[in-house]
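A.B. asks: coords please:
(one chain, ligands or ions: 2)
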Amino acid sequence: MGPRVLRRKLLELSKRSRVFMFGNHKGGVGKTTVVLQLAAALARMGFRILVIDMDPQANLTRRMGLEYDENDPFSTVSEAVKENREGVGAGVVLGVNWNDERTGQPTSEAELIDIIPARFDLINREQEAGAVGAVRRLKKALTGWTSHYDFILIDTRPDLGHLVQLAMAAADEVVLVFEPDYDTVAGAIRMQEFVEEHGEDLGNPELRVGMAFVNRYDRSSEQDYQLAGLPESLKSKLVELDAGGAVVGLDDGGEDYRLPRYIPRIARIKEADGAGVSVSEYRNRKGRETTAIFDRLAEKFVERVIREAEAA
Ligand SMILES: Nc1ncnc2c1ncn2[C@@H]1O[C@H](COP(=O)(O)OP(=O)(O)O)[C@@H](O)[C@H]1O
Ligand SMILES: [Mg+2]
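C.D. replies: Ligands and ions are numbered 1, 2, ... in the order given. Now for the predicted structure:
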């Protein structure tokens with residue numbers, strides 16, 4: 001299905017997941033990368049996106065063009081959570097600061113993406129973990145004003161502590177991001193078990209792991225061995241870009257591109273993160289290939305959401 005058809009189908013469905021938390025117990029697996037590039041790809045499909053940075057490292061915030069400056073401060077998710085009041089998140093939403101090099105105007109992707117940013121002081125919210133109901137404070141902050149977004153994507157830090165639990169309490173669904181190596185798979189499984197055991201404790205008994213994205217896939221036999229050995233409960237959640245290596249045209253007059261099964265390890269992705277841009281900023285062949293990968297990921301993501309809603 002093309003993006004337009006998917007978009008129409010999705011908008012017809014009223015009962016569907018909108019808030020997705022991206023997580024892994026382990027760091028450096030590409031959570032922030034996936035949240036950012038998926039948000040950009042969903043915006044290219046025409047969806048309105050809110051991203052929320054729940055990591056005190058604030059990598060997502062920086063990569064979306066917002067550098068915290070003491071002289072020109074902005075409010076962040078930390079203040080919203082601290083305030084502990086319904087709807088306060090609306091007061092800390094900012095636009096994404098991605099601008100067209102030539103015109104200086106926001107890119108077409110940026111126009112459809114808003115962000116609730118973070119800064120390092122988010123770590124102080126950990127102190128509130130013991131307070132009754134504290135885990136529901138992010139959910140409260142998001143109540144009553146977010147329905148115009150098609151998707152809300154929450155980036156998290158690599159642990160199972162209070163900040164991640166705030167995100168879990170606010171989410172409809174958890175998306176695991178992992179690299180097929182032993183430790184990272186273990187981190188994903190640990191998070192899945194946590195979600196299954198503690199949804200109720202977090203005031204969110206419906207919470208579940210709905211999808212799992214494989215990142216930095218290099219087709220090595222070690223990675224394929226890890227993937228083959230995944231527990232069935234995780235295997236069934238895997239989102240494949242393409243099982244059969246479908247080819248996509250890149251409109252550059254050159255050869256068509258054969259999509260990999262999962263998000264590959266590509267230098268362009270790391271470069272885009274360093275520069276704080278969407279991969280679509282790179283217009284050469286490699287850039288188009290990378291953009292095609294995330295376009296396909298976004299399509300598969302939306303297809304899953306539609307399928308789940310129809311089955312519910
Ligand atoms: N598929 C990929 N190919 C190449 N580099 C990647 C890929 N995914 C992530 N990276 C790089 O790996 C590093 C860690 O990714 P990041 O998204 O920050 O991980 P996390 O949020 O899980 O800690 C970043 O420098 C990022 O650019
Ligand atoms: Mg991160």
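
A.B. asks: burial of the residue of the chain found nearest ligand 2, as a residue count?
C.D. replies: Closest to ligand 2 within the chain is residue 32: 3.3 Å, counting by Cβ to the ion. (Glycine included, C-beta is placed from N, CA and C.) Per other Cβ atoms under 10 Å, the neighbour tally for residue 32 reads 27.

A.B. asks: And for the one 5 residues further on?
C.D. replies: Number of residues near residue 37 (other Cβ under 10 Å) recorded here: 26.

A.B. asks: Over to the one 5 residues further on?
C.D. replies: The local packing count at residue 42 equals 27, with neighbours defined by other Cβ under 10 Å.

A.B. asks: what about it, which helix or strand?
C.D. replies: helix 31-44 (DSSP states H and E).

A.B. asks: Is the helix or strand harbouring residue 175 in proximity to ligand 2?
C.D. replies: Using DSSP H and E, residue 175 maps to strand 173-178. No. Legend: contact between strand 173-178 and ligand 2 by Cβ under 5 Å from the ion is lacking; minimum distance shown is 9.5 Å.

A.B. asks: same check, this time on stretch 114-122
C.D. replies: No. Stretch 114-122 is not in contact with ligand 2 by Cβ under 5 Å from the ion; minimum separation 10.4 Å.

A.B. asks: So for that stretch, what gets flagged as buried?
C.D. replies: Residues 114, 115, 116, 117, 118, 119, 122 are the ones in stretch 114-122 that count as buried (16 or more other Cβ atoms under 10 Å).

A.B. asks: so what's residue 256 up against?
C.D. replies: 247, 248, 249, 250 (Cβ atoms under 8 Å, 6 or more residues apart in numbering).

A.B. asks: got the contact list for the first one?
C.D. replies: If you count contacts by Cβ under 8 Å, 6+ apart, residue 247 has them with 256, 257, 258, 259.

A.B. asks: Distance of it relative to residue 110?
C.D. replies: Per Cβ to Cβ, to the nearest Å, residue 247 is found 30 Å from residue 110.

A.B. asks: what do you get for the second one?
C.D. replies: Between residue 248 and residue 110 the distance, using Cβ to Cβ, works out to 25 Å.

A.B. asks: Which neighbouring elements make contact with the longest helix along the chain?
C.D. replies: Criterion DSSP state H: the longest helix present in the chain is helix 285-311. The helices and strands touching helix 285-311, judged by 3 or more Cβ pairs under 8 Å, 6 or more residues apart in numbering; DSSP states H and E, are helix 3-12, helix 31-44, strand 208-214, strand 257-258, helix 267-275.

A.B. asks: Check which helices and strands the longest one sits against.
C.D. replies: Same thing as helix 31-44. So helix 31-44, by 3+ Cβ pairs under 8 Å, 6+ apart, packs with strand 19-23, strand 49-53, helix 59-63, helix 108-111, strand 113-116, strand 151-155, helix 267-275, helix 285-311.

A.B. asks: related to what we said a few turns ago, next helix or strand past the strand holding residue 175?
C.D. replies: Using DSSP H and E, the helix or strand that follows strand 173-178 towards the C-terminus is helix 182-198.

A.B. asks: returning to that earlier point: between residue 248 and residue 110, which one's more packed in?
C.D. replies: residue 110 (21 against 17).
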